[in-house]
Each structure stands twice: as C-alpha cells, then as structure tokens.
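> Okay, here's the prediction I keep looking at, along with the sequence it came from:
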There are 2 protein chains.
Amino acid sequence: MTPEVDRKAFRDLSYGLYLVTSFNGDRLNGQVVNTVIQVTSEPPRVAVIINKKNLTHEFIVKSKVFGVSVLEESAPMTFFGPFGFKSGRDLDKLAKVSFKKGSTGCPLITDHSLSVLEAEVIDRIDLGSHTIFVADVISSEVLKNGRPMTYQYYHEHLKGKSPKNAPTFEPPAGKGRETS
Amino acid sequence: MTPEVDRKAFRDLSYGLYLVTSFNGDRLNGQVVNTVIQVTSEPPRVAVIINKKNLTHEFIVKSKVFGVSVLEESAPMTFFGPFGFKSGRDLDKLAKVSFKKGSTGCPLITDHSLSVLEAEVIDRIDLGSHTIFVADVISSEVLKNGRPMTYQYYHEHLKGKSPKNAPTFEPPAGKGRETS
C-alpha cells in the first residue's frame, strides 16, 4: 500500500505567533511567522523559517540579523494582520508601530510584545520555497508578563488563516503531494 | 552598553510536545521533543531538533528516518515521562507501549497520540550540541480528534521540567552565555 500524506495531521503541530523584523540600511521590515524555536541552550540559539519571496527574507540575507517579538494573546488582528498579509514592498509596515533599535540596528517591535530578542545568523538550510535561518541570540529582554499568542488561539479565536507564503499553508483540497 | 541575554524571554516561545521515534535494524527507540515544526508546504516537510548525545540521534543518522507522534493534552506523565528522562541505552522504551510500523519500518507510537507522521531526512545542520534534521513527510495520519499537549500545558499543569539535553534547558542561575 502506498503511504499517504494526510495534511490534517499537520494541524496538530503547535506553534506560537511572532513578528520577525530585519533591515537593509534605513529600510525596515517585519512579518508574521509561527516558526521561531530555540534550537540550543549553550550557546542560546534560535531558528526561524522564512519564505524566500518575502522582503524580510531578502533583508535577513543581507544584514544577517533578525529581531523577534513574541506577540501577546490579546494582540488584535488589526495590529498584526498587516504584517502577515501585506508586503513591505508596498508599504512601510513599521510606520505606525512602536519599536526600538537593537545593538545591531535591527528594529524590535514593542507593541503587544511580551519579549523581544535579536539574533545573528550563523547558518541556514535552503528548503526550496523557504529558508531555515539559525542564529545566535545576542540580546533578549522580557517586556511584560502575559500569555503568548499561539497559532491554535489565532485559528480558534481570531479565525485566522495561513497566508500562502506560510510553511503551514494548506493547498486547496484534492491537490496531492508534489515531489521536489 | 553590552547587549544582554535574558533567558526568561525564551520562555515566551511556544511549542507542542511530541514523541520522536527511530530504529536501527531490530532496535527501536523514541524520545520526547518540543521542536517538531512544519517548514514547507510544497513538498510537505518538517524539521526536528535532537541532542547528539541521545540514542534517537544515532538511530536517525543511521536510518535517515524518524516518526513523530503528537501527544494529546491528556497524556499522563507516567506514559511519556520515561521517553524524556530515560535513555534507550538502558531500557527498551517501546516495550510497553502500542505502536505500528510505518512504510520504512519506523515505529509510530499510537498511545495517547492524536496524529502520527513518518519522515525521511533530506538535510541537516550541525548546531554543536544538537542537530536540526529536515525531512520529507512520506506518510501522515490523524488517529483521533483532541487537543494537542503544549509545552506550556506541560509546565503549567504537569509541573514538567526541561531535561538537560533539551534545547530549552535553562542552565543554573548566574551562568552566562557561553561563546561557541
């Protein structure tokens, strides 16, 4: 029997929801991701998955730096929605939000954020549509206490969807697994 | 001012809780991880982070295959605790649990699991203490409906800790960031 891939199984994987930021000279950008994870404890390192089509990807490749803001559960869609469904090529996404600059110059968004961290890329894997960036955490800070937004909460309470550039995007029903 | 790393910020990152399995000939093994994520949609790929000291790491390197079981929220510590705090070098962890064999021969644990998937490693990054394995999902299946166990639930309700081989292990207070 040929093994089958039921994408519904992927819905049981758990994630948080984050804003990932980067910069290119004076230009700043950020996007929503669900894929920030800590990958080692000593030294403290994190990984993030970014779609190659996204402007944030271009900026991380150039600056080798990214920032992460952990969204709080109460963050409204009106705040973070534009970071997921609009491109920084069309508008300045950071024009109307509060942020501070990290030690590298990377913007760290502080609105609706529990914690921020700044990381320097040390390695990456090309995944075809996406890249995994692995990075040393060079600074991190707790801004306030609260519950982090989870991907489950986003789906259940905010009726959120996965944009087409997300690793968790679900192709229309009937479309099978493509071989790469 | 020198940038500082406050590890408390890492506690705001969200994860699920999973059993990751692999095999070496007739020998089977598995361990708890919090770091399974989907990394691309087309083709469906996942990544997992495993400590190099763990037997499961040795088995994945050899077989190039691993299984993932998504733990349900109601899974008791008595069931999955041994997968996190005991080594397969000392006991057969799968002796007393239900599992089935995937198409590659990899065991897929079905007790207290919402979904299972089987994946073939296509790339990896050496992180020092840990390895990121990137893998094509070759089969996946929903076993039952329910809420997945999250790392947050594990900490809040089961008073769970991170074992010393976990990426999220917190070194004793006062120990700073080591350079690699």
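Yep, that arrived.

> Any regions of chain A where pLDDT drops low?
For chain A, residues meeting the criterion pLDDT under 70 lie at A:1-2, A:173-180.

> Mind doing that once more with 50?
For chain A, residues meeting the criterion pLDDT under 50 lie at A:174-180.

> Tell me where it has strands.
With DSSP state E applied, chain A shows strands at A:18-24, A:27-33, A:36-40, A:45-51, A:65-71, A:99-101, A:107-109, A:113-126, A:130-142, listed in chain order.

> Please name every helix or strand in contact with the first one.
Helices and strands touching strand A:18-24, by 3 or more C-beta pairs under 8 Å, 6 or more residues apart in numbering or on different chains; DSSP states H and E, are strand A:27-33, strand A:45-51, helix A:55-63, strand A:65-71, strand A:107-109. (C-beta placed from N, C-alpha, C; glycine too.)

> The residue positioned nearest the centre of chain A and B:Ser162, how far apart?
Averaging the C-alpha coordinates of chain A gives a centre point, and the residue nearest to it by C-alpha atoms, centre = their mean is A:Val33 (2.3 Å). The span separating A:Val33 from B:Ser162 equals 23 Å under the rule C-beta to C-beta, to the nearest Å.

> A:Pro76 now?
Separation of A:Pro76 from B:Ser162 (C-beta to C-beta): 32 Å.

> And these two? Which one has more around it.
When A:Pro76 and B:Ser162 are compared on other C-beta atoms under 10 Å in any protein chain shown, the one with more neighbours turns out to be B:Ser162, at 17 against 9.

> okay but the more buried one is in contact with B:Thr168, surely?
Yes - A contact is recorded between B:Ser162 and B:Thr168 when judged using C-beta atoms under 8 Å, the distance being 4.8 Å.

> If A:Arg27 is in a bridge, with which residues?
Using DSSP bridges, the beta-bridge partners of A:Arg27 come out as A:Asn24.

> Neighbours of it, how many?
Under the neighbour criterion other C-beta under 10 Å, A:Arg27 is assigned a count of 13.

> Please look at it and A:Glu58 and confirm they touch.
No - between A:Arg27 and A:Glu58 there is no contact, the gap being 10.0 Å when judged by C-beta under 8 Å.

> Find residues that contact each of the two.
Residues touching both A:Arg27 and A:Glu58 by C-beta atoms under 8 Å, 6 or more residues apart in numbering or on different chains: none at all.

> quick one on the thing from earlier: next up, the contacts around the residue nearest to the centre of chain A.
Applying C-beta under 8 Å, 6+ apart, one finds that A:Val33 lies in contact with A:17-20, A:48-50.
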